[in-house]
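> how would this look folded up:
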Amino acid sequence: MPLPREVGQVVQTFLTLIDEKAPGLVQGLYLRGSLGFGEYFHGRSDVDFTAVLSNRPDKAQLDALAVTHAQVSDAHPDPHFDGFYLVLADLARTPAECPDVPCMFEGQFHVEGRFDINPVSWHELARHGVTARGPALSADDLWTGDAALRTFSYENLSSYWVPVANALVAEPGGAAKSAAAAWCVLGVSRLHHLLTTGSMTSKSGAGRHALAAFGRRWHPIIHEALRAREQPDAPSVFDHDPGQRGRDTTAFTQMAIEASLACGP
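As a prediction, the model looks like this:
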């Protein structure tokens with residue numbers, strides 16, 4: 001698929017710089033996340049990557065990666081270019097078997113970490129990955145396990161989303177922001193989609209799923225979440241009552257978590 005212009009610029013800047021500093025190190029570069037579903041929104045989407053290296057990087061190569069990312073961030077502060085570095089053999093094993101690897105997350109380079117080392121990333125690469133450099137990944141290259149993906153997604157409801165729902169209750173001012181509606185309503189709906197259909201979807205796809213899966217009582221806040229993601233400059237039905245947006249975001253998030261947990265792991 002053709003990359004959005006600003007995504008292509010970030011990718012090309014990265015590849016040019018790393019090839020200058022560490023020739024031959026980055027053999028494959030694959031994009032995940034929204035791009036894999038044909039979805040990208042300027043100012044709201046990140047560029048999530050997985051890079052396949054020729055070898056485990058030594059100190060000089062790690063330094064080259066760190067400097068390259070600093071230069072990419074300076075040249076392209078938006079969108080975030082986040083991801084991780086591994087060798088091809090890592091992708092053939094479960095994420096749990098992958099060692100800590102170099103990662104880039106929200107402008108910070110980490111020599112070792114586990115950012116996005118999980119079944120979601122492996123499945124996105126296998127089923128929705130976009131090849132920016134290197135050969136397309138084949139089924140033999142990538143581990144996939146639907147049961148593990150389902151279990152990981154189910155556990156994410158309790159480990160991540162329940163605390164988020166509690167924070168919405170504790171911080172009504174934050175819950176009232178349109179960004180909270182987009183993040184929470186679409187984020188939990190994405191997990192509900194996977195647990196009920198067995199397949200992955202984008203955030204906007206999750207919103208459309210929610211419109212079909214949940215009653216009309218929830219349609220205003222679902223439409224609001226989609227507006228905030230896709231057309232943030234468009235007027236909102238909550239413009240004159242952001243408090244109601246916060247209450248609806250909180251109530252929907254709690255309801256959708258319970259509905260998702262009821263699906264079982």
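> which ones are touching the most centrally placed residue in the chain?
In the chain, the centroid-proximal residue (Cα atoms, centre = their mean) is residue 33; its distance is 4.7 Å. Contact partners of residue 33, counting by Cβ atoms under 8 Å, 6 or more residues apart in numbering, are 45, 46, 47, 48, 124. Yep, even glycine has a C-beta here, placed from its N, CA and C like the rest.
> what's the distance between the closest residue to the first one other than its chain neighbours and residue 128?
The shortest distance from residue 45 to any residue that is not its chain neighbour, by Cβ to Cβ, 6 or more residues apart in numbering, is 5.0 Å, and that residue is residue 34. The spacing between residue 34 and residue 128, counted by Cβ to Cβ, to the nearest Å, is 9 Å.
> Between those two, which is the more surrounded one?
Neighbour totals were compared for residue 34 and residue 128, and residue 34 leads with 22 against 18 (other Cβ atoms under 10 Å).
> for the more buried one, what are its contacts?
Taking Cβ under 8 Å, 6+ apart as the test, what residue 34 contacts is 40, 41, 45, 46, 202, 203.
> Please list the members of the contacts of residue 33 that lie in helices.
Among the contacts of residue 33, the members found in helices (DSSP state H) are residue 124.
> Between the contacts of residue 33, identify the one with the most neighbours.
That'd be residue 47 among these, by other Cβ under 10 Å, with 26 neighbours.
> So for that residue, what pLDDT did the model give?
On pLDDT, residue 47 comes in at 94.
> list the contacts for it?
7, 10, 11, 31, 33, 35, 79, 80, 81, 82.
> you'd agree the second one is up against residue 73?
No - shown here, residue 10 and residue 73 do not form a contact pair, counting by Cβ atoms under 8 Å, at 9.7 Å.
> Neighbour count: these two, which is higher?
Taking other Cβ under 10 Å, residue 10 and residue 73 do not tie; residue 10 has more neighbours (23 against 18).
> which one is that one nearest to, not counting chain neighbours?
residue 76 (4.7 Å).
> Return, as residue ranges, the portions of this structure with sub-threshold pLDDT.
1 (pLDDT under 70).
> Now do the buried residues in the helix or strand containing residue 122.
In this structure, residue 122 sits in helix 119-128 according to DSSP states H and E. Buried residues in helix 119-128, defined by neighbour count with 16 or more other Cβ atoms under 10 Å: 119, 120, 121, 122, 123, 124, 125, 126, 128.
> could you list every residue that touches the closest residue in space to residue 50 that isn't next to it in sequence?
Nearest residue to residue 50 in three dimensions, chain neighbours excluded: residue 30, at 4.9 Å (Cβ to Cβ, 6+ apart). Counting by Cβ under 8 Å, 6+ apart, residue 30 makes contact with 49, 50, 51, 52, 125, 129, 130, 131, 132, 134, 137.
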